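A.B. asks: coordinates for the following, if possible.
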Amino acid sequence: MSPAVWVAAGAVFLGVVALLASYNRFVRDAQLIDNSWSNVDSELRRRYDLIPNLVETVQGYAVHERTTFESVTRARSQAMASDGNAASQSADENVLVGALRSLLAVSEAYPELKANVRFAELQEELITTENRIQAARRIFNGNVRDYNTRVQSVPSNLVARAFGFRARTYFEVDEAVRATGAPHVRLGAPGR
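C.D. replies: A predicted model of the protein is given here:
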């Protein structure tokens, strides 16, 4: 065989290896995104589990705030029933965060509720959970960013198109929620 044939065969071999490596990297990145989404979902479910206890505790003090309790319960159910993709989950979570803010605002009008130890514990758990959600969201969005960069960059975009790898959606928060941050709760010492 002539040297030109060897060079051509070597080039084809390297091209196939590069194609396989790029494909495998897309698969690995997609798995990273799915794994990090499961972490976000796990933290969201933790928050969902806290909400009934929080509502029940506030209800004991603020019985006439029925509309607020119903909106939190409805928002929680809607968020739990979301189909699990980042875009629809973002919308449902924004509704839930707004409802939680309303619930926590109710507590400001009831000093005896703010002094309740159980309520303070639930607020602390909620703060911890919100921080964990934010951390999981940052990891998820970082993985999505890296993956989307590969989907859109040359030459990996050719592999992405050929094998159906599509850009993923970030898990984002609406502007109004982003501007005000996570639900703000103040923990008062019992008896204050």
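A.B. asks: and stretch 163-173, end to end?
C.D. replies: Counting by Cα to Cα, to the nearest Å, you get 31 Å between the two ends of stretch 163-173.
A.B. asks: in the chain, where is pLDDT below threshold?
C.D. replies: Applying pLDDT under 70 to the chain flags the ranges 174-192.
A.B. asks: all helices for it, in order.
C.D. replies: In the chain, the helices defined using DSSP state H lie at 3-61, 66-80, 86-108, 111-114, 117-152, 156-163, 175-180.
A.B. asks: please identify the most buried of the ones you listed.
C.D. replies: Stretch with highest mean neighbour count among the helices of the chain: helix 86-108 (a mean of 19; mean count of other Cβ atoms under 10 Å). Every C-beta, even on glycine, is put in place using the N, C-alpha and C of the backbone.
A.B. asks: just the CA trace of that helix, in PDB.
C.D. replies: Listed in PDB are the C-alpha atoms of helix 86-108, where the atom choice follows Å, rounded to 0.1, in the frame of the first residue of the first chain:
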ATOM      1  CA  ALA A  86     -37.000  22.800  33.800                       C
ATOM      2  CA  ALA A  87     -39.200  25.400  32.000                       C
ATOM      3  CA  SER A  88     -42.500  24.200  33.300                       C
ATOM      4  CA  GLN A  89     -41.100  23.500  36.800                       C
ATOM      5  CA  SER A  90     -39.700  27.100  36.900                       C
ATOM      6  CA  ALA A  91     -43.100  28.600  36.200                       C
ATOM      7  CA  ASP A  92     -44.800  26.400  38.900                       C
ATOM      8  CA  GLU A  93     -42.000  27.100  41.400                       C
ATOM      9  CA  ASN A  94     -42.400  30.900  40.900                       C
ATOM     10  CA  VAL A  95     -46.100  30.600  41.800                       C
ATOM     11  CA  LEU A  96     -45.200  28.600  44.900                       C
ATOM     12  CA  VAL A  97     -42.500  31.000  46.000                       C
ATOM     13  CA  GLY A  98     -45.000  33.900  45.700                       C
ATOM     14  CA  ALA A  99     -47.600  31.900  47.800                       C
ATOM     15  CA  LEU A 100     -44.900  31.100  50.400                       C
ATOM     16  CA  ARG A 101     -44.000  34.800  50.600                       C
ATOM     17  CA  SER A 102     -47.700  35.600  51.300                       C
ATOM     18  CA  LEU A 103     -47.800  32.900  54.000                       C
ATOM     19  CA  LEU A 104     -44.700  34.200  55.700                       C
ATOM     20  CA  ALA A 105     -46.000  37.800  55.500                       C
ATOM     21  CA  VAL A 106     -49.000  36.600  57.500                       C
ATOM     22  CA  SER A 107     -46.700  35.600  60.300                       C
ATOM     23  CA  GLU A 108     -45.500  39.200  60.600                       C
END
